[in-house]
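Asker: give the three-dimensional model of this entry:
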Amino acid sequence: MKISVIYGSTAPLENIEVLTRYVIEGKSNVTEVHLREYHMKSRDQMHQSGEKDEYIQVIDQIIGSEVLILAMPMYCYGMSGLMKTFVDRWPQVDEEDPSKHFMKAMRGKQVYLIITGKDDPRKKALPIIQQFKYICRAAKMDFNGYLIGEAVNPGDIEKDKEVINQARALNKLLDKKQQSDELTS
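Answerer: The predicted model follows:
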């Protein structure tokens with residue numbers, strides 16, 4: 001089972017990456033994509049200029065995955081700008097490169113969200129969760145769950161024992177799914 005982690009954080013080694021590592025620990029077939037390392041135009045910018053960006057390079061890394069983990073900090077009670085740009089462009093991929101059959105390839109993918117934030121994130125990040133449920137439904141993807149951790153300063157996520165335990169549980173769940181997939185293939 002191939003897993004792709006898409007990080008929507010602008011800063012390296014942020015709490016979101018620390019938390020996500022608990023989920024993917026010990027997994028052999030994981031691709032980690034840091035959106036901050038790619039030049040991606042917004043939807044509007046794509047229409048203003050015919051100049052290409054690196055968005056398709058991101059798509060190429062994740063299109064063959066069965067599981068997508070979208071990991072982002074909560075900024076101003078919403079998803080990060082990088083993640084928003086990434087998701088907003090999904091419908092355009094088939095226009096940019098019809099050979100990808102992207103929207104068809106996305107169908108049935110298992111999606112998990114991992115979010116970190118401050119100021120009561122377990123409550124205030126719920127609109128992000130709802131938004132991704134709608135996004136997944138529209139793309140015919142399977143929204144399978146989420147983790148929300150509380151962290152303000154670097155390293156604070158380690159203090160949130162509840163979400164660390166949830167991350168470890170998701171790690172084990174992914175192991176079981178992989179074993180189940182191996183038995184059925």
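Asker: my guess is residue 19 meets residue 164, correct?
Answerer: Yes. Under the criterion of Cβ atoms under 8 Å, residue 19 makes contact with residue 164 at 7.4 Å. In short, each C-beta sits where N, CA and C put it, glycine included.
Asker: now for those two: what residues contact both?
Answerer: 149, 157 (Cβ atoms under 8 Å, 6 or more residues apart in numbering).
Asker: which element is residue 116 on?
Answerer: Per DSSP states H and E: residue 116 is located in strand 110-117.
Asker: what residues sit buried inside whichever helix in the chain runs longest?
Answerer: Taking DSSP state H as the criterion, the chain has its longest helix at helix 161-184. Using 16 or more other Cβ atoms under 10 Å as the test for burial, helix 161-184 gives 163-164, 166-167, 170-171, 174, 177-178.
Asker: send me that helix as CSV with only the CA atoms.
Answerer: Provided in CSV are the C-alpha atoms of helix 161-184 (Å, rounded to 0.1, in the frame of the first residue of the first chain):
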residue,chain,number,x,y,z
LYS,A,161,-0.4,12.9,24.6
GLU,A,162,-3.9,12.3,23.4
VAL,A,163,-3.1,13.1,19.8
ILE,A,164,0.2,11.3,20.0
ASN,A,165,-1.7,8.2,21.1
GLN,A,166,-4.2,8.7,18.3
ALA,A,167,-1.4,9.0,15.8
ARG,A,168,0.1,5.7,17.0
ALA,A,169,-3.3,4.1,16.7
LEU,A,170,-3.6,5.3,13.1
ASN,A,171,-0.2,3.9,12.4
LYS,A,172,-1.4,0.5,13.5
LEU,A,173,-4.7,0.8,11.6
LEU,A,174,-2.7,1.5,8.4
ASP,A,175,-0.6,-1.6,9.1
LYS,A,176,-3.8,-3.7,9.3
LYS,A,177,-5.1,-2.2,6.1
GLN,A,178,-1.9,-3.0,4.4
GLN,A,179,-2.0,-6.6,5.6
SER,A,180,-5.6,-6.9,4.5
ASP,A,181,-4.6,-5.5,1.0
GLU,A,182,-1.8,-8.0,0.8
LEU,A,183,-4.1,-10.9,1.5
THR,A,184,-6.7,-9.8,-1.1
